[in-house]
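[1] no sequence on this one, just coordinates:
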């Protein structure tokens, strides 16, 4: 990576007459290849085969007067106009003593984050994509579906973190992902640092096709009221985990903007049911959420946010760790390294039996419209399957409502394992209304 | 520099016999965030680069991008992307008709662009602290976060047919989030005011509007703590202009975008259902780039002038939001609606400022901010709505939405629900408003007040975030419809 011009300027700069006391830059150089399909048209003007390459950096400057500047540098500023960029950064300097932290050398874990096949694909070997496109088109015909949409993407990148305190670490990584939806209704996909195997791909595609077939069959609605509801793992990731993580965010906690309060972490407050644990393991090879160090230089380590229902640690960067008087934590970058655990997890078959007369909510509309700080939810769930004695019967359109934190404290809550899904589903009694 | 590079790219594309759309973008974003009386984040970021989209004579396309304007690598990338587009089609890629377009040479750079060079973020931070203090003084007991953002997004589009279009989009905003403090279940309510000029925090008119909206949000966050949930069902409703924007955007806007006519509920066999009755005969939906608006974009990311588009005219479908590649196949006029978040992205037909217009709106004097639930109830009483219905449910404030364009299902969320009747006014927690887009547009009966079009949003279609905006008359009354429901709890 061509970052020497930037480093040279950082080591000697006196922009605007103000010297730099400490600095940190995290530089990323990446490539991306992607291909989309919309309504069966692959590689159209709206979804073309796309290749991009980029170089950028995030920076923290601590000036001699104690003020700081933060932001992003673009390629031009890294390789040519660093002096001008730092002068501009000086004009946005502000007082934030908690954020004025630059890390020194540390030992970082060694983890496999790069898969060579991803690099090969970006270099032009698109054979694996051809085979998978063929498989999708076959499923479309075999199931009598009319349309499909989706995408494939491949990224590889190098990163380098350099600080004025002598930290100089490098890393490489890749991601490969795909997503397919049939009939504009329901979709599924996979993302990790290496592609899933072709067998796993086909199995996921077949499960998706089976679900869409069920969605095409309308059945009489359930009456409004409280009934057993299973939130599919996709809904748990999107809504449940998203809400919990928002409220664990250090800034939300420190500023009193979240459901969890800072004093509750100090007292290890019993916030959720006593067997629920939420932990992060970012050291697993080739997982999407695995990494070696954060952009600030905090080494990745396994950590627990909630242990047996008790609050242990918010998600803390250097600034909010200092503000709250705690250690910085590892950061959840993706759901596949987060573990939500409870005692007595059910299989999907067991859950269907218990939830007979209720519903399986496959997706919800409007997650981003909810107020995560309250945990109150009121969500439209047009892709819901009614559950009968033999399992899913067909589609009903519903809305679900309640308070997520009450659900997570409820004795009636059960975790459910679905085939091929990392995150568990949730089964609980829920207010459900037809729509 | 861009003129030379763009011209060179065009020369090489013509020599290779391909159609080129070359998009150069330079963007800068300045942000200040204030919490609890001090700046918590201040940043300046910039990005620039160019995207090369090639169309072969067979209608195949490919896109490549670099985040610099170095001539040699740019030309090398052009050669690579041309070879890719012309190469063997082992992926079964779509071949499309390459349309004949009218070359366009134009400039659109608003005056306020010059002021972006002189933004003093320290002064902005100080000003935000003053605004925060003003709100906290009047509504103690809430946590506030107040942010200013100044985003200058400049594009230059060259096409191999001689098009050379330059435009710059200045977008500034003041935003507030208010969270009730000390409650067992906190609530957060947001408010915003946009403007094209970076002097926004010192613009008296805009600041007064921001303070009015901010104070109302702070009071609502505090009051929602004790508010009960509202039961589910279909009710006579009043929605404000921001929710009406949500309805227009989520329900009709997305479904009218021509890139999805093989699955959209507003199309049949890939063609727009022009002439079909989809709403009340006195209601229309219009999209256009409004000068000075947050989502203003005068030209598409393909270099086509953006046209005013009447999507629904008095209840009937008229036209869709289109780009050169999907207008003809979709059976609609070319409206120049393609927008892209970045030079790295392929442009998609998108909304700009979308609104619902109703014939013969009833009067609502004064400013929108002067209308609380009591004043809305007075409007309904004077118009006879509360004679027609014993109780009307008032949905206030827009918190975002989503749509399934294949079925026409939409959802959006409000900030608060008020039950209005001659006996009293009762506040309830917000709930999802969902249903059939046809049912909702057909249910519109009265409108109150002039058009107000500054409801802000960010549209995330296909993973690209672009600003959106719109509105309607101050308030719309919707008759109860079984396909349109308030979600409950």
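    Happy to help now that I have it. For clarity, every value in this text was computed on a predicted model and none was experimentally measured.

[2] what are the phi and psi angles of residue B:357?
    As for residue B:357, its main-chain torsions (degrees, to the nearest 10) stand at phi -110, psi 140.

[3] who in the stretch 301-435 of chain A is up against chain B?
    By the rule C-beta under 8 Å from any C-beta of the partner chain, the part of the stretch 301-435 of chain A lying against chain B is A:365-366, A:368-380, A:382, A:397, A:399, A:401-403, A:405, A:431, A:433, A:435. To be clear about C-beta, it is placed using only N, CA and C from the backbone, and glycine gets the same treatment.

[4] and the worst-scoring helix or strand of chain B on mean pLDDT, how far from the chain's centre?
    Taking mean pLDDT, DSSP states H and E as the measure, chain B has strand B:432-436 as its least confident helix or strand, at a mean of 87. Centroid separation for strand B:432-436 versus its chain: 19 Å, with C-alpha atoms, centre = their mean, to the nearest Å.

[5] Could you break chain B into its assigned domains?
    Domain assignment for chain B by automatic domain parsing gives B:2-224, B:237-486.

[6] Now that we have these, can you turn them into a markdown table and tack on distance to residue A:320?
    Listed next are the domains of chain B as a markdown table, based on distance: least, C-beta to C-beta, whole Å:
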| stretch | distance to residue A:320 |
| --- | --- |
| domain B:2-224 | 10 |
| domain B:237-486 | 25 |
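
[7] Burial-wise, tell me which of those comes out on top.
    Mean neighbours per residue, mean count of other C-beta atoms under 10 Å in any protein chain shown, is largest over the domains of chain B for domain B:237-486, with a mean of 22.

[8] Please say whether there is contact between it and chain A.
    Yes - residues of domain B:237-486 contacting chain A under C-beta under 8 Å from any C-beta: B:259-263, B:323-326, B:344, B:346-348, B:399-407, B:409-413, B:429-432, B:434-435, B:462, B:485.

[9] among the residues you listed, which are in strands?
    B:348, B:399-404, B:409-413, B:432, B:434-435, B:485 (DSSP state E).

[10] near chain B, which residues of the stretch 151-300 of chain A?
    So the stretch 151-300 of chain A meets chain B at A:183-185, A:224, A:251, A:255-259 (C-beta under 8 Å from any C-beta).

[11] Residue B:55: what's it in contact with?
    For residue B:55, the contact set (C-beta atoms under 8 Å, 6 or more residues apart in numbering or on different chains) comprises A:45, B:18-21, B:61, B:85, B:96, B:98.

[12] want to try TSV for the residues you listed, with secondary structure as columns?
    Below are these laid out as TSV (DSSP: H, G, I helix; E, B strand; the rest coil):
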residue	secondary structure
A:45	coil
B:18	coil
B:19	strand
B:20	strand
B:21	strand
B:61	strand
B:85	helix
B:96	coil
B:98	coil
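
[13] For the stretch 151-300 of chain B, give me the ranges with low pLDDT.
    Residues of the stretch 151-300 of chain B meeting the criterion pLDDT under 70: B:182-184.

[14] what are the ranges of the strands in it?
    Assigned by DSSP state E, counting those that start in this stretch, the stretch 151-300 of chain B shows strands spanning B:164-180, B:188-195, B:237-240, B:267-268, B:271-272, B:283-288.

[15] Please name whichever of those is nearest to residue A:146.
    Closest to residue A:146 of the strands of the stretch 151-300 of chain B, according to C-beta to C-beta: strand B:267-268, at 12.6 Å.

[16] what residue lies at the spatial centre of chain A?
    The C-alpha lying nearest the average C-alpha coordinate of chain A belongs to residue A:334 (C-alpha atoms, centre = their mean; 3.4 Å).

[17] Tell me how far that residue lies from chain B.
    Residue A:334 sits 16 Å away from chain B, going by C-beta to the nearest C-beta, to the nearest Å.

[18] chain center to stretch A:71-79, what's the gap?
    26 Å.

[19] Residue B:335 contacts residue B:324, correct?
    No - judged on C-beta atoms under 8 Å, residue B:335 makes no contact with residue B:324 at a distance of 10.3 Å.

[20] about what we covered before: widest-spaced pair of the residues of the stretch 151-300 of chain A next to chain B?
    Pairwise distances across these peak at 44.9 Å for A:183 and A:256 (criterion: C-beta to C-beta).

[21] hmm, back to that, can the strands of the stretch 151-300 of chain B go into TSV with extra columns for distance to residue A:354?
    Putting these into TSV (distance: least, C-beta to C-beta, whole Å) gives the following:
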stretch	distance to residue A:354
strand B:164-180	37
strand B:188-195	35
strand B:237-240	37
strand B:267-268	42
strand B:271-272	47
strand B:283-288	46
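
[22] Identify whichever of the ones you listed lies nearest to residue B:71.
    Of all the strands of the stretch 151-300 of chain B, it is strand B:164-180 that lies closest to residue B:71, at 17.4 Å by C-beta to C-beta.

[23] Name all residues that make contact with the nearest residue to residue B:467 once chain neighbours are set aside.
    Nearest residue to residue B:467, sequence neighbours excluded (C-beta to C-beta, 6 or more residues apart in numbering or on different chains): residue B:295, at 4.5 Å. Contact partners of residue B:295, counting by C-beta under 8 Å, 6+ apart, are B:289, B:351-353, B:466-470.
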